[in-house]
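**Student:** Turn this into a model:
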Amino acid sequence: MKHPDRKQLLHLAAGAATLAAAPRVARAQAYPTRSVRIMVGYPAGGVSDIFARLVGQWLSERLGQSFVIENRPGAGGTIAVDLVARSTPDGYTLLLSAVNDAYSEYIYPDLRFNYTRDIAPVASIVLVPLSSSYRS
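**Tutor:** Purely as a prediction, here's the structure:
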């Protein structure tokens, strides 16, 4: 009986590892199967609303489901954050968040949510550079 050479042995080991991992691989699920809400904590027509509508339209075209923008302005954006924090974490209620949403819990001591615990980041859609060289 001929012994396998090193290359054959590596192929067999790789194949065995792949077969062992195969049952653990999850099949991709169709998402979304229904409309998705994107909550915006600021008034309609503002910068956050415009970004949410652009992203919502882009996602609708690519995923084949409607992405509905809901503006819930007030309390520095915390009304929308609270609504999303209390929603079912199934990916059908999203939040377009701004930087001030992350530090609202330090400004408003009686919030019913903890931003860093209750909100999970999904994607970054806008990067706004800040300049430290302001001229007077």
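**Student:** what helix or strand does I79 sit in?
**Tutor:** I79 belongs to helix 78-85 when assigned by DSSP states H and E.
**Student:** what mean pLDDT does that helix have?
**Tutor:** Across helix 78-85, pLDDT averages out at 95.
**Student:** Tell me the helix or strand right after that helix.
**Tutor:** strand 93-96.
**Student:** residues contacting the closest residue to R72 other than its chain neighbours?
**Tutor:** Spatial nearest neighbour of R72, excluding adjacent residues (Cβ to Cβ, 6 or more residues apart in numbering): A80 at 4.1 Å. No exception for glycine: its C-beta is placed from N, CA and C like everyone else's. Contact analysis of A80 by Cβ atoms under 8 Å, 6 or more residues apart in numbering lists 39-41, 70-73, 95.
**Student:** And R34, by the same measure?
**Tutor:** By Cβ under 8 Å, 6+ apart, the neighbours of R34 are 65, 92.
**Student:** Any idea how many residues pack against the residue lying closest to Y108 once chain neighbours are set aside?
**Tutor:** With Cβ to Cβ, 6+ apart as the criterion, Y108 has its nearest non-adjacent residue at 6.2 Å, and that residue is T78. As a burial measure, T78 scores 22 neighbours (other Cβ atoms under 10 Å).
**Student:** wait, T78 sits on Y42?
**Tutor:** No: with contacts counted by Cβ atoms under 8 Å, T78 stays clear of Y42, the gap being 11.3 Å.
**Student:** Can you list the low-confidence ranges for the chain?
**Tutor:** 1-28, 131-136 (pLDDT under 70).
**Student:** Which stretches in it count as strands?
**Tutor:** 36-40, 67-71, 93-96 (DSSP state E).
**Student:** Output those strands as TSV; include the columns mean neighbour count and distance to A102.
**Tutor:** Listed next are those as TSV, based on neighbours: other Cβ atoms under 10 Å; distance: least, Cβ to Cβ, whole Å:
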stretch	mean neighbour count	distance to A102
strand 36-40	22	15
strand 67-71	17	20
strand 93-96	22	11
